[in-house]
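1. Model the following, please.
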Amino acid sequence: MDLFSKVEEANRQSAQPLAARMRPATLDQMVGQSHILAPGKLLRRLVEARRVQSLLFYGPPGTGKTTLARLIAAETQAAFRQINAVTSGIKELREALDWARSELSVTGSRPILFIDEIHRFNRSQQDALLPDVESGTIALVGATTSNPFFAVNGALLSRSQVFELHPLSDTELLGLLRRAIADSQAGFGRYAIQVDDRALLYCARIAEGDARRALNALEIAVLSSNRLPIELTVELMQESMQKKILQFDPTGDQHYDMASALIKSLRGSDADAALYWLARAIESGEEIRFLTRRLVIFASEDIGNADPHALSLAVATMQACEFVGLPECQLNLSQAVIYLALAPKSNSATTAIMAARHEVQQGNLIPVPIHLRDGHYAGSKQLGHGVGYQYSHNAPDGIASQDYLGVDRQFYHPVERGAEIELAGRYEEIRNKLKPTSERPDSSMESKP
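-> Numbers count the residues shown, from 1 in each chain. Alright, predicted model coming up:
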C-alpha cells in the first residue's frame, strides 16, 4: 500500500461513525452473545472447525448480526459478499450467486453470502437460494429482526442453523462505552473528557441493549460539546439520546410476543405488568381493534363466570374505543386491563366447550332424545317426537326432572373462585335433580315449550 492509499484509508476510517470504528476485529473482542460464542459453544466450535454451513442470525437491532457475519468470514478466511434484501431484487441476488459459484471454482473455498434483512425477500427470492445452499456452493448467513420461524421459508429454514442474538446487558454496554472513551485510535481517547458514571449508566439503560444506539449517543454527546474539557453529564446524555422508535410489524413475532405478554400478565393477575405491555403495544402502533378483541376473548377464556361482568366491561371497552379513538381510548383500555387483571380467574367455560367438542370430534354422536325432538309439525306425535317433554316453568323451582342428553356426561367443572362459587353449588344441585332415567317422565306436566 503506497502513501496515498494509506491517506485515503485513514480518511475513510475517520469519516466512519463511532459505532463502525468500534467494531471488533476478532471473535474474542465481540461484546455479548456469550451463549453462542463462549469457548465450547456451538457457533464458536463451528467457526473454529471451519464447518460453517448456512446460518440465520435473529435478534433486535444493534446486537451485532452484521459484525458477527464479517468476523466469521475473517476467522474462516472465506470470501465475503453482502447484500440487503430491502434494496436488492432477484437480479442482484443472481449476480451474488454467480459471484459465489465463480469464487468457489477459482479458489476451491466456499464463500459467505451475507443477506441482511433476509425476511424481506419474498418466497421466490428465498427459493432461489435453495439450490446453491443444498449444493454447498455458498455458506449463507442471513440476518433478521423478525422471527425466522415466521418470516423464512420452511425449506430454507430446515437447511439452516438458527442462532438468536440477545440484547446487550447494561454491564456489557457500560464496558463498551468506557472502551470507546478510552480508545485513542477508534474512540475518543485523544479527547479530554470528564465522565459522570451516571451519564454512562443512563445511556446504557436507555439504549435497551442496542450497542449502535448507545455509541451513537456517546458520539453526539462528545462532538456536540463546546466545553473543554468535555463534561459528560446526565443532562448532556439526555439531550443526545434520541427517542427510540419502537419496532412494530403487525405480522411479526414482536406483535405476537407483546400480545402474549399482555394476556399472560392479565391471567397472572399482575395489573402493573399488564399496563406496561399495554403501553408498549400502544406506543408501538398496535391496532386498537386487535387489543380490544384480545380483551373480549380473555374475559370469557380466563375469567368467565368467576366474574360475569368482565365480559360486559370488555365489550363496552371495545365499543368505547371504536367511538372515542386514540389518544383518549387509552383510558378505556387502562380501565379494562386493570379490572380484568384483578378479577377472579376461571377457565371452566373454556375447558367445558373444549371437552364437549372433543366428545363430538371423537365420533361420540348422541342422538337427540325423543322427548326433546321437535313436536310442532303434523304427525310428530305419531313418531313420538316431543311426547313426554316436561315444560320446566311448570315445575315449582323451574327445573323439571328429566334427561336432556341421553347419557351421563359432565363437561363443566366449576372452580371455587369469585361468583362461580355460587354457580358451583347450584350446578351440583341441578345435576342431582337431572338424573338420567330409563322410565319416560310423567306427562302430567307436559305443555307447550
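
2. Could you use CA atoms for every contact and neighbour count after this?
-> OK.

3. Now the terminal residues of stretch 35-46, how far apart.
-> Counting by C-alpha to C-alpha, to the nearest Å, the length from the leading to the trailing residue of stretch 35-46 is 14 Å.

4. and that stretch, which residues are buried?
-> Neighbour-count burial for stretch 35-46, with 16 or more other C-alpha atoms under 10 Å as criterion, is recorded at 35-37, 43-45.

5. same check, this time on stretch 107-117
-> When burial is assessed from 16+ other C-alpha under 10 Å, stretch 107-117 yields the following buried residues: 109-117.

6. Just send those back as JSON lines, with distance to residue 405, secondary structure and pLDDT too.
-> Below are those laid out as JSON lines (distance: C-alpha to C-alpha, whole Å; DSSP: H, G, I helix; E, B strand; the rest coil; pLDDT from 0 to 100):
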{"residue": "109", "distance to residue 405": "72", "secondary structure": "coil", "pLDDT": "88"}
{"residue": "110", "distance to residue 405": "69", "secondary structure": "coil", "pLDDT": "90"}
{"residue": "111", "distance to residue 405": "69", "secondary structure": "coil", "pLDDT": "93"}
{"residue": "112", "distance to residue 405": "66", "secondary structure": "strand", "pLDDT": "94"}
{"residue": "113", "distance to residue 405": "65", "secondary structure": "strand", "pLDDT": "94"}
{"residue": "114", "distance to residue 405": "63", "secondary structure": "strand", "pLDDT": "95"}
{"residue": "115", "distance to residue 405": "61", "secondary structure": "strand", "pLDDT": "94"}
{"residue": "116", "distance to residue 405": "60", "secondary structure": "strand", "pLDDT": "93"}
{"residue": "117", "distance to residue 405": "57", "secondary structure": "coil", "pLDDT": "91"}
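
7. Export those to JSON lines and append columns for distance to residue 136.
-> Listed next are the buried residues of stretch 107-117 as JSON lines, based on distance: C-alpha to C-alpha, whole Å:
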{"residue": "109", "distance to residue 136": "10"}
{"residue": "110", "distance to residue 136": "7"}
{"residue": "111", "distance to residue 136": "10"}
{"residue": "112", "distance to residue 136": "11"}
{"residue": "113", "distance to residue 136": "12"}
{"residue": "114", "distance to residue 136": "15"}
{"residue": "115", "distance to residue 136": "16"}
{"residue": "116", "distance to residue 136": "20"}
{"residue": "117", "distance to residue 136": "22"}
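
8. how much space between the nearest residue to residue 90 once chain neighbours are set aside and residue 152?
-> The spatially closest residue to residue 90, leaving aside those adjacent along the chain, is residue 125, at 6.2 Å (C-alpha to C-alpha, 6 or more residues apart in numbering). Spatial separation of residue 125 from residue 152 under the definition C-alpha to C-alpha is 11 Å.

9. okay, the two: which has more neighbours?
-> Between residue 125 and residue 152, counted using other C-alpha atoms under 10 Å, residue 152 has the larger neighbour count: 22 against 17.

10. Check the contact between that one and residue 119; I expect there is one.
-> Yes. With contact defined as C-alpha atoms under 8 Å, residue 152 counts as touching residue 119 (5.8 Å).

11. pretty sure residue 307 contacts residue 415?
-> No. Assessed by C-alpha under 8 Å, residue 307 is found out of contact with residue 415, at 11.7 Å.

12. Which positions in stretch 377-390 come out as buried?
-> Neighbour-count burial for stretch 377-390 flags 385-390 (criterion: 16+ other C-alpha under 10 Å).

13. Render the CA-only coordinates of that stretch in PDB, please.
-> Once non-C-alpha atoms are left out, stretch 377-390 reads as follows in PDB (Å, rounded to 0.1, in the frame of the first residue of the first chain):
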ATOM      1  CA  TYR A 377     -95.400 -30.400  12.900                       C
ATOM      2  CA  ALA A 378     -98.300 -32.600  11.900                       C
ATOM      3  CA  GLY A 379     -97.600 -36.200  12.500                       C
ATOM      4  CA  SER A 380     -94.900 -35.600  15.100                       C
ATOM      5  CA  LYS A 381     -96.900 -37.300  17.800                       C
ATOM      6  CA  GLN A 382     -97.300 -40.400  15.700                       C
ATOM      7  CA  LEU A 383     -93.500 -40.600  15.800                       C
ATOM      8  CA  GLY A 384     -93.400 -39.900  19.500                       C
ATOM      9  CA  HIS A 385     -91.500 -36.700  19.000                       C
ATOM     10  CA  GLY A 386     -91.900 -34.300  21.900                       C
ATOM     11  CA  VAL A 387     -94.100 -36.800  23.800                       C
ATOM     12  CA  GLY A 388     -93.300 -36.700  27.500                       C
ATOM     13  CA  TYR A 389     -91.400 -33.500  27.400                       C
ATOM     14  CA  GLN A 390     -91.800 -31.600  30.700                       C
END
